[in-house]
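> What would the 3D arrangement of this be:
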Amino acid sequence: MKLLGSNTSPYVRKARLVLLEKSIPHEYVVDPPGEPNSLVLKVNPLGRIPALILDDGFCVFDSAVIAEYVDSLSESQVLIPRNDANARLRVKRWEALADGMMDSAIMVRIEGLRPPEKQDAALLELHNTAISKALFFASELLGTQTWCEGDAITLADLALVSALLYLDLRQAERDWRGSHKNLLTWFERASARRSVIVSCEN
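Numbering: from 1, shown residues only. Model prediction:
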């Protein structure tokens with residue numbers, strides 16, 4: 001299978017992390033949809049990344065759908081609980097929280113690229129506040145736990161580390177480490193995993 005994406009997309013990183021954690025053989029192809037000859041424009045009607053092309057040509061799109069599918073491919077390193085509805089709900093809520101942070105960070109990034117006099121201050125405040133609240137919520141929810149849910153890494157951790165890495169990339173001035181020491185401890189543990197290291201290398 002082939003994963004189409006870009007190195008700066010947090011949603012692509014989340015999909016890559018799931019593939020890497022599950023040790024699913026795949027080819028990662030940098031294919032930004034902004035390029036005129038982008039393959040993703042041909043295989044995904046939404047023209048968005050990530051897009052996962054299966055061996056038979058079937059295209060899976062949206063990072064949450066890709067994560068769900070990839071996790072179902074093997075029983076090793078189960079990332080989304082299968083037999084506990086409440087645990088599954090908690091993991092998916094973590095994913096929604098992290099994805100929401102990514103959504104808001106991208107909105108801030110897009111607005112910030114506009115000329116200063118044309119930027120919507122209310123919009124920037126709305127999304128920056130959402131990120132701050134999400135970080136506080138994540139910190140409170142995590143507490144002193146080793147992982148976001150249960151006693152092993154799950155999709156919750158992969159989604160959250162993707163969000164925090166994107167904040168580091170696009171909002172380096174945001175001192176989430178200083179404000180949330182427990183998130184930093186967790187982040188150092190999560191980002192030391194091979195999957196995260198590989199995703200940051202290319």
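> Mind listing what's buried along the longest helix belonging to the chain?
With secondary structure taken from DSSP state H, the chain has its longest helix at helix 85-112. Across helix 85-112, burial judged by 16 or more other CB atoms under 10 Å covers 87-88, 90-92, 94-95, 97-108. All C-beta atoms are positioned from the backbone trio N, CA, C, and that covers glycine.
> One more: stretch 7-14?
Ser9, Pro10, Tyr11, Val12, Arg13, Lys14.
> can you check stretch 152-167 too?
153-167.
> With secondary structure added, can I get the buried residues of stretch 7-14 in TSV?
Shown next, in TSV, are the buried residues of stretch 7-14 (DSSP: H, G, I helix; E, B strand; the rest coil):
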residue	secondary structure
Ser9	coil
Pro10	helix
Tyr11	helix
Val12	helix
Arg13	helix
Lys14	helix
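> got the residue ranges for the helices in the chain?
Going by DSSP H, the chain shows helices at 10-21, 40-43, 63-71, 85-112, 121-142, 155-170, 176-179, 181-191, 194-201.
> Please convert these to TSV, extending it with mean pLDDT and distance to Ile49.
Shown next, in TSV, are the helices of the chain (pLDDT from 0 to 100; distance: least, CB to CB, whole Å):
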stretch	mean pLDDT	distance to Ile49
helix 10-21	98	5
helix 40-43	96	6
helix 63-71	98	9
helix 85-112	97	12
helix 121-142	98	21
helix 155-170	98	13
helix 176-179	94	25
helix 181-191	97	22
helix 194-201	95	14
